[in-house]
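**Student:** just a sequence and a predicted model for now, questions to come.
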Amino acid sequence: MITTRRLAWTALAWNVGVILLGALVRATGSGAGCGASWPTCDGVLVPEMRGATAIEFTHRMSSGIALVLLALLVFQVFRTTPKGRPARKAAVLAGIGILAESAIGAVIVLYEWVDQDASVARAVSVPIHLVNTFVLLAGLTLTVYWIDRERIVRLNRPSRRAIFGFGAGMLLIAATGAITALADTLFPAESLFEGIVEDFSGPASFFVRLRVLHPIVAMLVGLAAARWVRSHAWDVDGTGRIAARAVVGVVLVELVVGVINVWTLTPIAVQLIHLLLADALWIAWVWLGAELLTEGARTDAMAE
């Protein structure tokens, strides 16, 4: 029988894949591939698999499998861990996240905030969708972390402000990134110069004018978080050391990929790599935070 830890890792990896499939749906304009129909696709359970319909239906099927995995994980965690363990709370957070994810996705489809829709409602729903996705990933990451661990969470540690502060900043990066990616899909630029001009053009869509926020927020928060980790959390014990190095490394690589993404006018492959790195950064940050806020993890941050 699959162990709880392996099931948690599987659910985490699968959901990262679902996120990338969702980005592919948005980047290819396949959100309307099943029409304004949910949970069926154009009113049928299994549609003809071609074009936008195939992409959207594949995403829906993978999301359904993710929901089943989460249900199994929550059941397994509650069956195998004692009452009061943090792993239970983390699994519940992940479960709430996947249910909210399904509800948000259903609303987006039913109200047809897909394809070429450039409404304010879509501008609000898309970043909420991605931020909720990060909450889901946080729950799964913490579930993996807390399985078979008996450490106690200490939220009174000095490092908590940086952990939660930069964590909020990363959620802001995700929100602005979602809007930027949508703007690039709805209003693609013919050249880098044209794109820069449009960013500051009065007549341009508010989507286009908002996309300049993402690189600014990403650079400020990303570099500040990496600097903090290098100064205060570089010598944390255990797997936190790997997470600390992952945070710094991914931030630097992510900034380079972000520049490439803009320079090459956001090709789909680069967009997916950019999002995958963002997911990896978030997972590493949550893992590092768990190490820093538990009994027994030593780091320079304790002496702040």
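**Tutor:** Arrived safely, thanks for sending. Residues are numbered from 1 along each chain as shown.

**Student:** where exactly do the helices run in the protein?
**Tutor:** Taking DSSP state H, the helices of the chain run over residues 4-27, 51-80, 86-110, 120-146, 160-186, 192-199, 206-210, 213-232, 239-263, 268-292.

**Student:** now do the first one: distance to the chain's middle.
**Tutor:** Yep, that's helix 4-27 we're talking about. Between the centre of helix 4-27 and the centre of its chain there are 10 Å (C-alpha atoms, centre = their mean, to the nearest Å).

**Student:** how about the fifth one?
**Tutor:** Mean-position distance between helix 160-186 and its chain equals 9 Å (C-alpha atoms, centre = their mean).

**Student:** for residue 132, see how far away residue 8 is.
**Tutor:** Per C-beta to C-beta, to the nearest Å, residue 8 is found 19 Å from residue 132. C-beta: built from backbone N, CA, C; applies to glycine.

**Student:** okay, the two: which has more neighbours?
**Tutor:** Between residue 8 and residue 132, counted using other C-beta atoms under 10 Å, the more crowded position is residue 8 (26 against 21).

**Student:** for residue 293, see how far away that one is.
**Tutor:** 19 Å.

**Student:** again with residue 47
**Tutor:** The value you get for residue 47 to residue 293, if C-beta to C-beta is used, is 47 Å.

**Student:** same check on residue 32?
**Tutor:** To residue 293, residue 32 is 43 Å away according to C-beta to C-beta.

**Student:** residue 265 now?
**Tutor:** 41 Å.

**Student:** these two: who's more crowded?
**Tutor:** Neighbour count, other C-beta under 10 Å: between residue 265 and residue 293, residue 293 has more, with 20 against 15.

**Student:** you'd agree residue 157 is up against residue 293?
**Tutor:** Yes - assessed by C-beta atoms under 8 Å, residue 157 is found in contact with residue 293 at 5.7 Å.

**Student:** domain parsing of the protein, as residue ranges.
**Tutor:** Segmentation of the chain into domains, based on automatic domain parsing, reads 1-150, 155-304.

**Student:** output the ones you listed as TSV; include the columns mean pLDDT.
**Tutor:** Formatted as TSV, the domains of the chain follow (pLDDT from 0 to 100):
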stretch	mean pLDDT
domain 1-150	92
domain 155-304	87
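
**Student:** ok, residue 2 - how many residues close by?
**Tutor:** 9.

**Student:** ok, residue 113 next?
**Tutor:** 20.

**Student:** how about the residue nearest to residue 91 when sequence neighbours are not counted, what does it touch?
**Tutor:** Computed as C-beta to C-beta, 6 or more residues apart in numbering, the closest residue to residue 91 that is not its neighbour in sequence is residue 77, at 4.1 Å. When contacts are counted by C-beta atoms under 8 Å, 6 or more residues apart in numbering, residue 77 touches 4, 8, 87, 88, 91, 143, 147.

**Student:** let's see that with 7 Å instead.
**Tutor:** Applying C-beta atoms under 7 Å, 6 or more residues apart in numbering to residue 77 gives the contacts 4, 87, 88, 91, 143.

**Student:** now the two most distant members of these.
**Tutor:** 4 and 88 (11.3 Å; C-beta to C-beta).
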